[in-house]
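S.K.: can you look at this prediction? I've put the sequence above it.
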Amino acid sequence: MSYYLIAFTVTYLAVLFLIKTNLVHIAPDQPNHRSLHITVTPRTGGLAIMLGILSAWFLMTGFMTWLILLIALITISLVDDMRGLAVRWRFIAQLFVCATFVYLFFPNLSWWMQVGALLMLVWMTNLYNFMDGSDGMAGGMAIFGFTSYALAANMGSDSQMTLMCGAIVAASVAFLIFNFHPAKIFLGDSGSIPLGFLAGAIGFYGWQTALWQFWFPLLVFSPFIVDATVTMLKRLFRREKVWQAHRSHYYQRLVQMGWGHRNTAIAEYVLMFLVGGSALLLIKSSISLILLALVFWLSLYLILMRLIDKRWLKMQHSESIF
């Protein structure tokens, strides 16, 4: 329990330090036509979360490789937050870290499994960043997602993974106190990129060590995976530059359609809780029940996306008239 308290306390104090001192100016997020916020807000909250997580992990045993990989991602992402980096350099750094993780932890996997794991990790790393565009979204997903991981690891009697994920949850709770609408600080790349990597890496690690089946992390983080993946495919179809910031994610459209940051976040929290809870209940269920549940969630996502698309088109049509 002390590890969780350390992660929470360090993150909480780090956020206070970042917003109450001159460090508030090191990485300001300036509002633009693609933003959902209207005031200049620091985007260094991820640094506070990572300090909390690293502090707790440092006192544990067996996490040195995880620490090194995470520090590498935090460093390159913080530089991007402060100065801006070309997309290719960010991608190369992420590719290197993800490839290193796969090679060090799973050297005996077949080459096609290693390539598949690498592509999945890079996508998870970036999609989490894509979904960090509304107050409380990414922090909330971290709480619900890694809580599900921690509980599943505990069910599998893996105390180290339980502590590891629990520290992420504790740090995310401390951050969300300041990030829930109206947000005083944003996550930034230094938080969203490492959290996305951890969501994918821990999910893959748990699968390979038989803590859960491959569908489990996909369902747990499905609110982000579905929104980011469908949105990217739609933008590719429209031949847009998918690496550029935009406001066409489903959660962003909910905010713009009048739900606002607070209601959108609460609705997403309910969804995150339900998918995480169902994933935990299904861990030891039969294959037929698991398939039935996955079909249910897929169908529900399709219905929700269709409803949002229709409401969005109707709103666009109304605005064009006036």
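M.R.: Here it is on my side, so go on.
S.K.: for Trp215, see how far away Leu294 is.
M.R.: 6 Å (C-beta to C-beta, to the nearest Å). The way it works is simple: take the backbone N, C-alpha and C, and place the C-beta from them, glycine included.
S.K.: whoops, I mixed them up, Ser318
M.R.: Ser318 is 40 Å from Trp215, by C-beta to C-beta.
S.K.: tell me which of these two has more neighbours.
M.R.: A side-by-side neighbour count of Ser318 and Trp215, using other C-beta atoms under 10 Å, places Trp215 first with 17 against 9.
S.K.: what's downstream of the lowest-mean-pLDDT helix or strand in the chain, the next helix or strand?
M.R.: Taking mean pLDDT, DSSP states H and E as the measure, the chain has strand 28-29 as its least confident helix or strand, at a mean of 74. Proceeding N to C from strand 28-29, the next assigned helix or strand is strand 41-42, under DSSP states H and E.
S.K.: residues in contact with that following strand?
M.R.: 18-19, 23-29, 183-186 (C-beta atoms under 8 Å, 6 or more residues apart in numbering).
S.K.: stretch 115-126 too?
M.R.: 73, 91, 94-95, 98-99, 101-102, 106, 109, 193, 196-197, 199-201, 203-204, 221, 225, 229.
S.K.: out of the contacts of strand 41-42, which sit inside strands?
M.R.: Cross-referencing these against strands under DSSP state E gives Pro28, Asp29.
S.K.: now, among the contacts of strand 41-42, which is nearest to Ile308?
M.R.: Nearest to Ile308 among those: Ala183, at 22.9 Å, using C-beta to C-beta.
S.K.: next one: that closest one from Phe214, what distance?
M.R.: Ala183 is 34 Å from Phe214, by C-beta to C-beta.
S.K.: between the two, which has more neighbouring residues?
M.R.: More crowded of Ala183 and Phe214, by other C-beta under 10 Å: Ala183, with 22 against 11.
S.K.: need phi/psi at the more buried one.
M.R.: phi -70, psi 130 (degrees, to the nearest 10).
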